[in-house]
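[1] Let me see the structure of the following:
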Amino acid sequence: MGNNNSFFRKKKFHLDTSGAHHLNKTLGAFDLTMLGVGAVVGAGIFILPGQVASVIAGPGIIFSFIIAGLACCLAALCYSEFASKLPIAGSAYTYSYHVFGEGIAWILGWSLLLEYGLAVAAVASGWASYVKSLLAGFSLHIPEAISGSYNPDKGTYFDLLAFIIIIVIGILLSLGIKESTRVNNVMVLLKVAVVILFIVVGVFYVKPDNWTPFLPFGFSGVITGASMVFFAYIGFDAVSTASEEVKNPQRNMPIGIISSLAICTLLYIVLSAVLTGIVPYADLEGISAPVAFALQAIGQNWFAGLLSLGAIVGMTTVILVMSYGGTRLLFAMGRDGLLPESFAKLGKRNTPVRNTLIFAIAMGLVAGVIPLAQLAELINIGTLFAFSMVSLGIFFLRRNKDLPQTGFKTPLYPFVPALSFLLCVYLILNLSAITWISFAIWFVVGLAVYFVYGRRHSVLNK
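    Numbering: from 1, shown residues only. Coordinates of the predicted model:
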């Protein structure tokens, strides 16, 4: 097929896993569930509930988490059908390549690189802040110049801790996915235990009066809150990048995606209820660590320290899973020729060592130099765009008879994918103008890279 219609040329489905560019199948349903919880439950659960409840949603933040969780759950059902029928590395990028065509797939892959890359860098910055405060408790201090992102006015030039954690995670991923998932599973169980412990301890200090009024900012506050807390759910789609490394993906992919999302949604809702029950929502305004603040308010100072440790562990797993998602996406795009083929080259342990280390160094430098607080919404828009396209893709998937017709099917078709698409678009429309402008710039740069390099080097062009 020539260059004239290259933008819409589609890949043919085949599962030849004998070549040099294929990954080992080592992951089960439990590993996938832990990857999902590892990606989703991070800084968001310890920070967002207090920030959003205090000035936007009040105790009604519980509904905000339910609405955002519902949008993710609908998208998760659509992801599960794709992951079951197309168990190939690359997540939404790969799915789009089969149902929409090369150009749309490239745009989605480019958007996901933004999501995974910025998420790794942003969470690493948060991780470094928690570690610095923990070290300060032991009277240990990082030299000012290397203690934060580039800000000469404050005397900071490079965030060394953020850089180091990303490099360490990159080295761990290079050793092999089985080894990485073992470390991830232990850390996920630890951080979930900390969250459950907070709920169990805190529930005895809940005062129902603190839930009145339940919707102080009206239902519009709940909806705005849902757009903001959506950030807390980002990451479950990284599970779908593992498709090619999963044993029995038709069964295990849907279990991993849906169960991890269900666990995270339940934890968010219950923690938010307990938090706003312990402390009046208005008292949480401007508090950067609201969960620790609530524990101090009820005299549980020892547990506030433990919670900081739980947050550090939690953010470590987010960095690990989002780095994993980014490297597998680079692997898939390199294998297809849209990026240099060296990105798909596998090392002795059957992992894409080169692209893993390039991704780690690049994101480590971004985390070290650029203050990323203002870019959080960019992560949201990249993710929501991918969710909306996957939801829309189900309609094309069902009509494509060249693709497998067995495996998991999204229930209540066509209602679920249609509602998922509309909800994601609605949440995108609630994001700020500066986010749209920044995303448009990234979008245009991506198209330039595709037309200059990807279109000519694509495997489908040969």
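[2] Endpoints of stretch 129-143, how far apart?
    14 Å (Cα to Cα, to the nearest Å).
[3] and if you look at stretch 205-225?
    Stretch 205-225 has an end-to-end distance of 25 Å (criterion: Cα to Cα).
[4] What residues of stretch 206-217 count as buried?
    V206, N210, W211, P216, F217 (16 or more other Cβ atoms under 10 Å). Every C-beta, even on glycine, is put in place using the N, C-alpha and C of the backbone.
[5] Apologies, that question was intended for stretch 252-269.
    In stretch 252-269, counting by 16+ other Cβ under 10 Å, buried: 252-261, 263-265, 267-269.
[6] what does stretch 448-459 give?
    Buried, per 16+ other Cβ under 10 Å, within stretch 448-459: Y450, G454, R455, S458.
[7] so what secondary structure elements neighbour the helix or strand of the chain with the lowest mean pLDDT?
    When the helices and strands of the chain are scored by mean pLDDT, DSSP states H and E, helix 43-52 comes last with a mean of 77. Judged by 3 or more Cβ pairs under 8 Å, 6 or more residues apart in numbering; DSSP states H and E, helix 43-52 is in contact with helix 61-85, helix 102-137, helix 218-229, helix 249-278, helix 290-297, helix 301-335.
[8] and the longest one, average pLDDT?
    When you say that, I think you mean helix 102-137. In this model, helix 102-137 has an average pLDDT of 87.
[9] My guess is G326 contacts Y116. True?
    Yes - in this structure G326 lies within contact range of Y116 using Cβ atoms under 8 Å: 3.6 Å.
[10] ok, those two, which is more surrounded?
    Y116 (32 against 27; other Cβ atoms under 10 Å).
[11] do you know how far the most centrally placed residue in the chain is from T383?
    By Cα atoms, centre = their mean, the chain has its centre lying nearest to G235, at 2.1 Å. Using Cβ to Cβ, to the nearest Å, G235 is found at 9 Å from T383.
[12] ok, now G117?
    12 Å.
[13] Please compare those two by neighbour count and tell me which comes out ahead.
    Neighbours were counted for G117 and for T383 using other Cβ under 10 Å; T383 has more, 29 against 22.
[14] mind checking how far the host helix or strand of that one is from the chain centre?
    Secondary structure from DSSP states H and E places T383 in helix 376-399. The chain centre lies 14 Å from the centre of helix 376-399; the measure is Cα atoms, centre = their mean, to the nearest Å.
[15] So what angle separates the directions of it and helix 102-137?
    Using axes from the mean of the first three to the mean of the last three Cα atoms, to 10 degrees, the inter-axis angle of helix 376-399 relative to helix 102-137 is 140 degrees.
[16] Please identify the buried residues of helix 376-399?
    For helix 376-399, burial by neighbour count (16+ other Cβ under 10 Å) applies to 377-394, 397-398.
[17] rewinding a little: can you list the helices and strands packed on helix 43-52 in JSON lines and add distance to L431?
    Putting the helices and strands packed on helix 43-52 into JSON lines (distance: least, Cβ to Cβ, whole Å) gives the following:
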{"stretch": "helix 61-85", "distance to L431": "13"}
{"stretch": "helix 102-137", "distance to L431": "14"}
{"stretch": "helix 218-229", "distance to L431": "7"}
{"stretch": "helix 249-278", "distance to L431": "20"}
{"stretch": "helix 290-297", "distance to L431": "23"}
{"stretch": "helix 301-335", "distance to L431": "20"}
